[in-house]
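*Asks:* Based on what follows, work out the 3D shape:
(chains A and B)
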Amino acid sequence: MSSLHRADRVLTHDIYDPASIARAIEDYRPHLTVRVLKADAHDTLISLAVLSGEEAPEQVISEFLNYALDLSVRAILGAA
Amino acid sequence: MSTSEGAEIDSPLQPISRTEDEVRLLVDETVYSREAVLRACYWFTDRAYLFVSRSGPERLLVSIRAKAGGAYVDTMAGDFANALIDQQVRQEIERETSRVRELIVAKAFAEGNLLDDPPVGDDRDPVEVARSQPPGNIAPSTHGP
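*Replies:* I've put the predicted structure just below:
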């Protein structure tokens, strides 16, 4: 599958907890290919590639990041 | 940010860049806690696209992009800044008043006979202010009969 749009992001674990990142990656699998380039105790570096056929690829990436943030806030603070 | 004389103002919340559809705010974590930032973000994920990164020790960078059909990004950034203050103040009030809240809840449960120990005092003095004051220094009750 070819990709239309790519972006790299560093997700700091202070804000994005690793379990929430993993779940967001899994849930967005039909829309995005996410590769974990590097992960340590503090950060996860991911590379996002929007699959061909998706409209507004930047929006798909933004939706993914919002979803990961939403899950993380719930995980870190409990149901906010 | 600078004054008309050009002097720098060290604000805990600074817009560091702005494009047509995105504002980036630099948040000082010595002023706004991580929890306040997370809660403010949680409020805004239905209205804006947010991304938070660490730009240095005790510095978070919040990127805010309005969703299609949403408010102007400047309005959104202003609302976000207000939400951040709101959350920080809530946290500080919660911390300052937690002991009083615990006492009131404990008293309420005690008066409902839900605890083993009988309640002390009465409903006119739920946190027992009168017991800590000398006799004759107690205001008359406004309760009937």
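*Asks:* only C-alpha atoms for contact and neighbour calcs from this point on.
*Replies:* Fine.
*Asks:* Restricting to C-alpha, output the helix or strand hosting A:V60 in CSV.
*Replies:* Assessed by DSSP states H and E, A:V60 sits inside helix A:57-77. C-alpha atoms of helix A:57-77 as CSV (Å, rounded to 0.1, in the frame of the first residue of the first chain):
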residue,chain,number,x,y,z
PRO,A,57,-4.3,13.1,5.3
GLU,A,58,-3.2,15.8,7.7
GLN,A,59,-6.5,15.6,9.4
VAL,A,60,-6.2,11.9,9.8
ILE,A,61,-2.8,12.5,11.6
SER,A,62,-4.3,15.2,13.8
GLU,A,63,-7.3,13.0,14.7
PHE,A,64,-4.9,10.2,15.6
LEU,A,65,-2.9,12.5,17.9
ASN,A,66,-6.0,13.8,19.5
TYR,A,67,-7.2,10.3,20.1
ALA,A,68,-3.9,9.3,21.7
LEU,A,69,-4.0,12.4,23.9
ASP,A,70,-7.6,11.7,24.9
LEU,A,71,-6.7,8.1,25.9
SER,A,72,-3.6,9.3,27.7
VAL,A,73,-5.4,11.9,29.8
ARG,A,74,-8.0,9.2,30.9
ALA,A,75,-5.2,6.8,31.7
ILE,A,76,-3.0,9.3,33.6
LEU,A,77,-5.7,11.1,35.5
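*Asks:* Now do the helices in chain A.
*Replies:* For chain A, helices defined by DSSP state H occupy the ranges A:18-27, A:57-77.
*Asks:* average model confidence for the first one?
*Replies:* In this case it means helix A:18-27. For helix A:18-27, mean pLDDT is 96.
*Asks:* With the longest one instead?
*Replies:* Taken as a whole, helix A:57-77 has an average pLDDT of 94.
*Asks:* Next, the angle helix A:18-27 makes with that helix.
*Replies:* 140 degrees (axes from the mean of the first three to the mean of the last three CA atoms, to 10 degrees).
*Asks:* Helix A:57-77 packs against which elements?
*Replies:* The contact analysis (3 or more CA pairs under 8 Å, 6 or more residues apart in numbering or on different chains; DSSP states H and E) places helix A:57-77 against strand A:3-12, helix A:18-27, strand A:43-51, helix B:34-44, strand B:48-56.
*Asks:* repeat that with 10 Å
*Replies:* strand A:3-12, helix A:18-27, strand A:32-39, strand A:43-51, helix B:34-44, strand B:48-56 (3 or more CA pairs under 10 Å, 6 or more residues apart in numbering or on different chains; DSSP states H and E).
*Asks:* Point me to the helix or strand that includes B:M76.
*Replies:* Going by DSSP H and E, B:M76 is part of helix B:73-111.
*Asks:* can that helix be found next to chain A?
*Replies:* No: under the criterion of CA under 10 Å from any CA of the partner chain, chain A is not reached by helix B:73-111; the shortest gap measures 11.6 Å.
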